[in-house]
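Engineer: sequence unavailable; structure follows:
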DNA sequence: TTGTCGATTGAG
DNA sequence: TCAATCGACAAT
């Protein structure tokens, strides 16, 4: 069921339960916001330019974890969702922590910003980097089979959401026409929408017409 | 080998 | 609104 186009799989992951058992700490989260990333037809996808060492999991079987490092400090987590040889993945953008709030809070406090430990519970996994941090996910976990009962990170159950909202993806400046971001309207953990920005290094944000 | 940019976040 | 911060990858 996971091996379909990312746009079809993504809404089905809303309400799904994800469990991580990392460093001896259990965290269970209910997914509340996701984004679909297709393969070589999606300019916003890491797989757009073909297979590389980093995005290899996106080209593998469905249901595997793809963690990537971004902005020099954050990890984000995806679930692959296509047939082997075809690239597609769903980015996990937000979740409600169901079990293990203390562990998630400890991980937030261990980050560079101490005040993160004071985040309201609904915001602990609000945003892709916060979600990955709360669950303890990083590059070492790339490739894990989320459908394997022996895996430290598992997809326990798929959700059956009554109502799903969709809209453009956050933080991307290509492929913005596709409404490939999906979220549960009643979830407090859903992150805020921010359009993609293209910055020029060394110069102030001055955009020439 | 070098240079640019990024599926973000938190502080000011 | 902007800086932090470093890996990936395109350009040279």
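Structural biologist: Arrived safely. Please read these numbers as outputs of a predicted model, since none were measured by experiment. Numbering: from 1, shown residues only, chains lettered A, B, ... in the order given.
Engineer: can you get me a residue count around the residue lying closest to residue A:81 once chain neighbours are set aside?
Structural biologist: Distance criterion CB to CB, 6 or more residues apart in numbering; nearest residue to residue A:81, sequence neighbours excluded, is residue A:9 at 4.2 Å. The way it works is simple: take the backbone N, C-alpha and C, and place the C-beta from them, glycine included. Neighbour count of residue A:9, defined by other CB atoms under 10 Å: 24.
Engineer: okay, and the beta partners of residue A:18?
Structural biologist: residue A:29, residue A:155 (DSSP bridges).
Engineer: from what I see, it and residue A:94 are in contact.
Structural biologist: No: counting by CB atoms under 8 Å, residue A:18 does not reach residue A:94; the two are 11.7 Å apart.
Engineer: sorry, back to before: name the SS class of the residue nearest to residue A:81, please.
Structural biologist: Look at residue A:9: counting by DSSP: H, G, I helix; E, B strand; the rest coil, its state is helix.
Engineer: list the residues that contact it.
Structural biologist: Residues near residue A:9 by CB atoms under 8 Å, 6 or more residues apart in numbering: A:1, A:2, A:36, A:62, A:79, A:81, A:88, A:90.
Engineer: how near is it to DNA strand C?
Structural biologist: Distance, residue A:9 to DNA strand C, by CB to the nearest atom of the strand, to the nearest Å: 22 Å.
Engineer: also residue A:77?
Structural biologist: Applying CB to the nearest atom of the strand to residue A:77 and DNA strand C gives a distance of 15 Å.
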